[in-house]
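Peer 1: Sequence and predicted structure below; questions after.
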Amino acid sequence: MFFKLVLKNASKSVKDYLVYFLTLMFGVCLFYLFNSIDAQTVMLKIDESQKEILKTLVKVVGYVSVFISVILGFLVVYANGFLMKRRKKELGIYMTLGMPKRKISAVIIFETFLIGLLSLAAGIAAGIFLAQGMSAVTAKLFEADLSQFVFTFSKDAFWKTLVYFGVMFLVVVAFNTLSVSRLKLIDLLSAGRRNQRLRIGRLWVSVVIFLVSVGCLAASYHLIETNGMIQFTPEFAASLALGSVGTLLFFLSLSGFLLRVVQSNQKLYFKNLNMFVLRQFNSKINTTFVSVSVICIMLLITIGTLSTGMGISNALSKDLRQSTPYDVSFSAYVGDGVQRKSSNIEQNLKKSGINLADWADRYAQINFYVSDFTYGAFFQKSDWPKELGNFDHSAGATRVNAVSLSDFNKVRKMRGEPPVSLKQDQYGVSCTIDSLLSLYEKNRKTGKKISFGGKSLVPAAAEKAVLMNGYGSFGDVIVPDALLRGRTSVTTILNLNYKPGVNGEAFLKKVKAIHLSAPEQPYDFYDSKAELCARSVGYKVMVSYLALYIGLVFLIAAAAVLALQQLSESSDNAERYGLLRKLGAEEKMVNRALLAQIALYFLLPLSLAIVHSAVGIDVANRVITDVGNMDVLGNIVMTAVIVLAVYGAYFLATYLGSKSMIRQKNLYRRTE
């Protein structure tokens, strides 16, 4: 009899459990999918550096999954709260008939377990299926060979999913048991007759709070636009705090402010059932403004991660070939405790038995020297681009490197570029950042002088040049050779390009063996174009997957919470919609009113999240402008498609479910 009651209740409450089931199933699917990355990539032919990055990705996904499980756990508990509220009258009847609370709790636990078991099975099945397609996506991102494709199943991901799901289920059981133990019969039987208490009684107070929220958001936008987001400064922290407070106050005041604005237009206010919709919205958002604010921030995270996470990784990987013009760059340091007789890398390798002429058709060795001034000699603090970070930390306290004119021309010759010339009273600049090149050009026009070695120098043209693989520079000063005579270099760089047909891996393997065995190491480290490109692809995969994982989970959570809130609202207000019908409102008009109310709840947090995201995307795009060009339009379109598909599906499901609820209530009353 007990299990018959559980099965009958579960079958009768299919529509109530639908959003709960779909959300839990999708969460399980994502959890398995992203935790099975290691199994998906077993058949890929990738190099060792990419395998190490994959191991790191698996670890990071594991840590992120703990955070994701907390989000999903909150979502499941929240959904359970809706189901408990929806069935209060039913539970009250059970208590009236004499069923003890422990039996009621057991009924709910078994119903939840049954639905949870079905969603777990469906989610893992969907995850296993999608993991096969994700293998192909991973292979494309890695530019790897997937000719040996096999069906994969990750035992680790499966057991992780079971463990996290089990923990969430135990939390739900504890929540349900506690909720049932606190139930009172009078509260259950009168559950649908209690109105929400308004937090703001006067409309003018809402207007004032609304204006304060707009001020907080404007200040937050100004701080983030002015100071950027590359460093966690007090200004950045203040922008986050003001943005959060502004969002909270915005939704706290929105009901009253929106009501005041619409009331000023009598024609609009009294049109159709607008007055009813606004009053419904006004009574509900006063008690849900905190959750709506959190949903807005979750949508901001979704849009931000999806539109910039993969975009930034793509931009950086596309620009990598420009920042790695040499097959290999070796570096050697002297001073600062480094014990080395010579920093001449070419000679050190030759002593160890490696003649560069046998391996490379072009190579050039250059020396870096430390000047006696910082970037403050070139720029004022007010001129420094904010997207490059704090001036005092990034450039104001950093000494400028100096390169001789002859060494600089060696690099240009190696790259097939014509040499540059300087007069004895001139200096040049080699810089890799576009926004700074324009400032150096401004210095050239204004004739900004610097003092080097006791001699005053005037600026010549600034050049965009990469002096070693992966080397990004705010600006290296280029001076005539005579000014560096007698100075000791601090870094020596050797750039080389292989001869046609040379096996680069064999060369590096031999060099690394000597580096490890020689009494005096010939160099400190190297950057290979092939290895840098491989690592870049690996980091691209890592950033893309993490952005997709976090973004999708937050999107599902935000949409599901809104859907559950509106389903609960429709359940509570079914009698009010029935009263509208008794007063003569047509069915189409009632449905439009329901649609408008749900649309308000779904569109308002999304709209504010889009405004927040527009500011954040603009700042993020400026941060990487100097190292790559992010496909802003393409990323926005992709994000819009994902958000509209998931968010729109929840919106449609909510509307159809709510419409069914108010119809069922109406038919039930007519039958009576």
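Peer 2: Done, it's in.
Peer 1: Please enumerate the strands of the stretch 501-650 of the chain.
Peer 2: Per DSSP state E, counting those that start in this stretch, the stretch 501-650 of the chain carries strands over the ranges 525-528.
Peer 1: At which residues are the helices of it located?
Peer 2: Per DSSP state H, counting those that start in this stretch, the stretch 501-650 of the chain carries helices over the ranges 504-517, 529-572, 574-582, 587-623, 632-671.
Peer 1: Select, out of those, the one closest to residue 129.
Peer 2: The minimum distance between residue 129 and the helices of the stretch 501-650 of the chain falls on helix 529-572, with 16.5 Å, by C-beta to C-beta. Backbone N, C-alpha and C define where each C-beta goes, glycine included.
Peer 1: quick check: angle from that closest one to helix 574-582?
Peer 2: Orientation check (axes from the mean of the first three to the mean of the last three C-alpha atoms, to 10 degrees): helix 529-572 against helix 574-582 gives 60 degrees.
Peer 1: picking that back up, could the helices of the stretch 501-650 of the chain go into CSV alongside mean neighbour count and distance to residue 456?
Peer 2: Shown next, in CSV, are the helices of the stretch 501-650 of the chain (neighbours: other C-beta atoms under 10 Å; distance: least, C-beta to C-beta, whole Å):
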stretch, mean neighbour count, distance to residue 456
helix 504-517, 14, 43
helix 529-572, 22, 40
helix 574-582, 16, 83
helix 587-623, 19, 35
helix 632-671, 16, 44
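Peer 1: Export those helices as JSON lines, with columns for distance to residue 459 and mean pLDDT.
Peer 2: Formatted as JSON lines, these follow (distance: least, C-beta to C-beta, whole Å; pLDDT from 0 to 100):
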{"stretch": "helix 504-517", "distance to residue 459": "39", "mean pLDDT": "82"}
{"stretch": "helix 529-572", "distance to residue 459": "32", "mean pLDDT": "80"}
{"stretch": "helix 574-582", "distance to residue 459": "75", "mean pLDDT": "75"}
{"stretch": "helix 587-623", "distance to residue 459": "26", "mean pLDDT": "82"}
{"stretch": "helix 632-671", "distance to residue 459": "34", "mean pLDDT": "73"}
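Peer 1: secondary structure class for the nearest residue to residue 478 once chain neighbours are set aside?
Peer 2: Counting by C-beta to C-beta, 6 or more residues apart in numbering, residue 428 is the residue found nearest to residue 478 once chain neighbours are left out, at 3.8 Å. Three-state call for residue 428 (DSSP: H, G, I helix; E, B strand; the rest coil): strand.
Peer 1: What I need now is the helices of the stretch 501-650 of the chain written out in CSV, including distance to residue 117 for each item.
Peer 2: Formatted as CSV, the helices of the stretch 501-650 of the chain follow (distance: least, C-beta to C-beta, whole Å):
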stretch, distance to residue 117
helix 504-517, 52
helix 529-572, 19
helix 574-582, 30
helix 587-623, 30
helix 632-671, 22
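Peer 1: what's near enough to touch the residue nearest to residue 478?
Peer 2: Residue 428 is in contact with 405, 408, 420, 422, 459-463, 477-479, counting by C-beta atoms under 8 Å, 6 or more residues apart in numbering.
Peer 1: mind running it again at 7 Å?
Peer 2: 420, 422, 460-463, 478 (C-beta atoms under 7 Å, 6 or more residues apart in numbering).
Peer 1: Nearest to residue 343, out of the helices of the stretch 501-650 of the chain?
Peer 2: helix 504-517 (14.6 Å).
Peer 1: Run through the stretch 51-200 of the chain and note the low-pLDDT ranges.
Peer 2: 78-98, 100-102, 104-105, 107-108, 137-150, 176, 178-200 (pLDDT under 70).
Peer 1: And the helices in it, which stretches?
Peer 2: Under DSSP H, counting those that start in this stretch, the stretch 51-200 of the chain gives helices at 88-96, 101-142, 155-181, 185-189.
Peer 1: Output the contacting helices and strands for the longest strand along the chain.
Peer 2: In the chain, with assignment by DSSP state E, the single longest strand is strand 360-374. Secondary-structure packing of strand 360-374 (3 or more C-beta pairs under 7 Å, 6 or more residues apart in numbering; DSSP states H and E): strand 399-404, helix 405-414, strand 491-498.
Peer 1: Format the ones you listed as TSV; extra columns: mean pLDDT and distance to residue 618.
Peer 2: Listed next are the helices and strands packed on strand 360-374 as TSV, based on pLDDT from 0 to 100; distance: least, C-beta to C-beta, whole Å:
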stretch	mean pLDDT	distance to residue 618
strand 399-404	88	31
helix 405-414	90	35
strand 491-498	90	36
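Peer 1: any idea how this structure splits into domains?
Peer 2: Using automatic domain parsing, the domains assigned to the chain come out as 1-194, 326-529.
Peer 1: what packs against the helix or strand where residue 332 lies?
Peer 2: Counting by DSSP states H and E, the element that carries residue 332 is strand 328-333. Other helices and strands packing on strand 328-333, by 3+ C-beta pairs under 7 Å, 6+ apart, are strand 491-498, strand 525-528.
Peer 1: So for the shortest one, what gets flagged as buried?
Peer 2: The neighbour-count check on strand 525-528 (16 or more other C-beta atoms under 10 Å) flags 526-528 as buried.
Peer 1: Rounded mean pLDDT for that strand, please.
Peer 2: In this model, strand 525-528 has a mean pLDDT of 86.
Peer 1: Just give me how far it sits from the chain centre.
Peer 2: In terms of C-alpha atoms, centre = their mean, to the nearest Å, the centre of strand 525-528 is set 31 Å apart from its chain centre.
Peer 1: Give me the residues contacting that strand.
Peer 2: 328-331, 468-470, 508.
Peer 1: okay, those in CSV with distance to residue 517 next?
Peer 2: Compiled in CSV, the contacts of strand 525-528 are given as follows (distance: C-beta to C-beta, whole Å):
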residue, distance to residue 517
328, 19
329, 22
330, 17
331, 19
468, 25
469, 25
470, 26
508, 15
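Peer 1: Now for the residues you listed, which sits with the most neighbours around it?
Peer 2: residue 330 (27 neighbours; other C-beta atoms under 10 Å).
Peer 1: residues contacting that residue?
Peer 2: Contact analysis of residue 330 by C-beta under 7 Å, 6+ apart lists 345, 494, 523, 526.
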